[in-house]
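# Give the three-dimensional model of this entry:
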Amino acid sequence: MAVIGYESLNEGFFPRKRVLNVTTRRLNGVIETYDQARIEARTRIIQIAIDARRQRFPQEKSYVYRPLVGREDENRWNVATRATVLRNYNQLDMFI
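Okay, the predicted model is just below:
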């Protein structure tokens, strides 16, 4: 007998002004507010992904992610950020 697994992938984008200071209930029932610090923590993965691509394709001009301009060095694709920022990053997902 074969066991078939089902997986799903949900993607989305919320403009910053749409989620800033919104209070909501997570799927686990915890109530939380998406403040500036929470939004910045979650968006760090965008800058890390940009840096990963820059390292893979150094001849390309990198995308500039304006919300984190000047913070590129703390958001590099490396062992440290993979262990700290990217580990369990989904725990910072936003639900509205």
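# quick one: buried residues of the least confident helix or strand in the chain by mean pLDDT?
The helix or strand with the lowest mean pLDDT-type score in the chain, counting by mean pLDDT, DSSP states H and E, is helix 16-19 (a mean of 88). Of the residues in helix 16-19, those with enough neighbours to count as buried (16 or more other C-beta atoms under 10 Å) are Val19. In this view, the C-beta of every residue, glycine as well, is placed from N, C-alpha and C.
# And the contacts of it?
The contact list for helix 16-19 (C-beta atoms under 8 Å, 6 or more residues apart in numbering) reads 34, 39, 67, 94, 96.
# then stretch 17-28 to CSV, C-alphas only?
Output of stretch 17-28 as CSV, limited to C-alpha atoms (Å, rounded to 0.1, in the frame of the first residue of the first chain):
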residue,chain,number,x,y,z
LYS,A,17,1.3,50.0,5.6
ARG,A,18,-1.4,47.2,5.5
VAL,A,19,0.2,45.2,8.3
LEU,A,20,1.9,47.8,10.5
ASN,A,21,0.3,47.9,13.9
VAL,A,22,-2.4,45.3,13.0
THR,A,23,-3.3,43.0,15.8
THR,A,24,-4.4,39.5,14.8
ARG,A,25,-4.8,35.9,16.1
ARG,A,26,-2.2,33.4,14.8
LEU,A,27,-3.3,29.9,13.7
ASN,A,28,-2.2,28.6,17.1
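# Which positions within that stretch qualify as buried?
When burial is assessed from 16+ other C-beta under 10 Å, stretch 17-28 yields the following buried residues: Val19.
# which residues of this structure fall in strands?
Remark: strands of the chain, listed N- to C-terminal, are 22-25, 31-34; assignment by DSSP state E.
# In CSV, list the ones you listed along with mean pLDDT and distance to Gln47.
Converted to CSV, these look like this (pLDDT from 0 to 100; distance: least, C-beta to C-beta, whole Å):
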stretch, mean pLDDT, distance to Gln47
strand 22-25, 92, 23
strand 31-34, 93, 18
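# Please name the nearest non-neighbouring residue to Arg38.
Leu92 (6.8 Å; C-beta to C-beta, 6 or more residues apart in numbering).
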